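[1] kindly return the folded structure for what I paste below:
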Amino acid sequence: MSATPRPGLLLLLVAFGNAEEVNDFISHVRATCQAPISFAVCDNTPGGSGPITSDADCIVTARPDNPGYLEGALHALRAFQSQRPTPEWIAITNTDLTFRRGDLLTVLSRYDSDVPVVIGPRITEGVDAQEMNPHVVTPRGLGRLRLNHWTTATPVLAYGYLGLHGAKFAVTRSRRTRTGASSPDPRHLTPSDMFSPYGAMMFFSRAFMTHVGLPPKVPLFAEEYAVAETARRAGARVRYEPDIHVNHDSNSTTGPRLSWRRAKALTVAFRYIYDFARTP
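    Numbering: from 1, shown residues only. Sure thing, here's the model as predicted:
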């Protein structure tokens, strides 16, 4: 019996003043994952981030108007699709990640790329290796989303919200116990369904991007909810896959967790999430 063909993978990256980090990440992936992986980079920086790797397997485009993380990634995808066929798998990923284990394409070949599906890998974060997936197991109700919106309705309120939450927040995270890497909870090592994947790295099947797609103009910090709710409404599965494992150097480009810039973005994000939830 012949081996299952290894699928193709496209990584969508967004740069914002961090060309060196983007280049380092591309080099890291190429050295770590010996497989047919392509890259498409959207530089959202007004004036440009600086020289970014551009070759036969890496397409670079620019949006100096800075349309945001998700819209920048989709702009990179459209630029890639204008030149090449859509691969079986597409990932939207941060560049402050380091692969710890797992052959990406061998793991992805377990899933059917002709079926709409979103896959969130195992993501550990911080010195205590907190587990970020499964991110949200079940969605929060409209009442909780309304409360989140009201308590962050202005940047002043949002700044207080960030402070009260220890400058750490999760837009839609469900309560659960986190564990360190030294003694991981077995739940974090078993594939499972979830509502929302953590946004640092999300894999999409070709069928999802082709037949479901993602909404436009999603603001910063609302990406995870937009992806999850879009998948839910389309009946697409959202799957946690721990055999792909990355470590996340959190917020290397989004700045301090407690800042006016973050507070303003949180106000916009929670308003968007509440409005999205109320729209059929």
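[2] roughly how far does E88 sit from L105?
    Counting by CB to CB, to the nearest Å, the gap from E88 to L105 is 9 Å. Glycine gets a C-beta too; all of them are placed from N, C-alpha and C.
[3] okay, those two: which has more neighbours?
    E88 (22 against 19; other CB atoms under 10 Å).
[4] pull the distance from the longest helix anywhere in the chain to the chain's centre.
    Ordering each helix of the chain by length in residues (DSSP state H) puts helix 260-278 first. When C-alpha coordinates are averaged (CA atoms, centre = their mean, to the nearest Å), helix 260-278 and its chain have centres 17 Å apart.
[5] buried residues, that helix. List them.
    262-263, 265-274, 276-277 (16 or more other CB atoms under 10 Å).
[6] bridged to E241, which residues?
    P121 (DSSP bridges).
[7] renumber starting at 215 from here on
    In the new count, where the first residue is 215, that last one comes out as E455.
[8] and it, how many residues sit next to it?
    20.
[9] also P278?
    So P278, with other CB under 10 Å, has 11 neighbours.
[10] give me the spatial nearest neighbour of T312, chain neighbours excluded.
    In space, and not counting its chain neighbours, T312 is closest to N461: 4.7 Å by CB to CB, 6 or more residues apart in numbering.
[11] name the element that neighbour belongs to?
    Counting by DSSP states H and E, the element that carries N461 is strand 451-462.
[12] quick one: list the elements packing against that strand.
    Packing contacts for strand 451-462, counted by 3 or more CB pairs under 8 Å, 6 or more residues apart in numbering; DSSP states H and E, involve strand 311-315, helix 318-322, strand 331-339, strand 406-407, strand 415-419, helix 437-448.
[13] what angle do the first one and strand 415-419 make?
    If I follow you right, that is strand 311-315. 70 degrees (axes from the mean of the first three to the mean of the last three CA atoms, to 10 degrees).
[14] can you list the strands that strand 311-315 pairs with?
    strand 451-462 (antiparallel).
[15] residue contacts, the residue nearest to T312?
    L311, T312, R314, I337, T338, E339, A343 (CB atoms under 8 Å, 6 or more residues apart in numbering).
[16] top of those by neighbour count?
    I337 (26 neighbours).
[17] so it sits against A343, correct?
    No: I337 is beyond contact range of A343, at 10.0 Å (criterion: CB atoms under 8 Å).
[18] okay, the contacts of N461 in CSV with distance to P353 and pLDDT next?
    Below are these laid out as CSV (distance: CB to CB, whole Å; pLDDT from 0 to 100):
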residue, distance to P353, pLDDT
L311, 26, 93
T312, 30, 92
R314, 29, 84
I337, 20, 93
T338, 24, 92
E339, 22, 87
A343, 27, 83
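[19] just these now: which is nearest V351?
    I337 (15.3 Å; CB to CB).
[20] all helices for the stretch 265-414 of the chain, in order.
    283-295, 318-322, 356-364, 369-378 (DSSP state H, counting those that start in this stretch).
[21] distance to I333 and mean pLDDT added to those, as JSON lines?
    Shown next, in JSON lines, are these (distance: least, CB to CB, whole Å; pLDDT from 0 to 100):
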{"stretch": "helix 283-295", "distance to I333": "16", "mean pLDDT": "94"}
{"stretch": "helix 318-322", "distance to I333": "7", "mean pLDDT": "90"}
{"stretch": "helix 356-364", "distance to I333": "25", "mean pLDDT": "93"}
{"stretch": "helix 369-378", "distance to I333": "30", "mean pLDDT": "84"}
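[22] redo those helices as TSV? Include distance to Y439.
    Listed next are the helices of the stretch 265-414 of the chain as TSV, based on distance: least, CB to CB, whole Å:
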stretch	distance to Y439
helix 283-295	11
helix 318-322	24
helix 356-364	9
helix 369-378	16
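[23] quick check on the residue nearest to the spatial centre of the chain: phi, psi?
    Central residue of the chain (CA atoms, centre = their mean): G413, 2.8 Å from the mean position. For G413, the backbone dihedrals (degrees, to the nearest 10) come out as phi -80, psi -10.
[24] show me what contacts it?
    Y283, I306, N308, E437, E438, V441.
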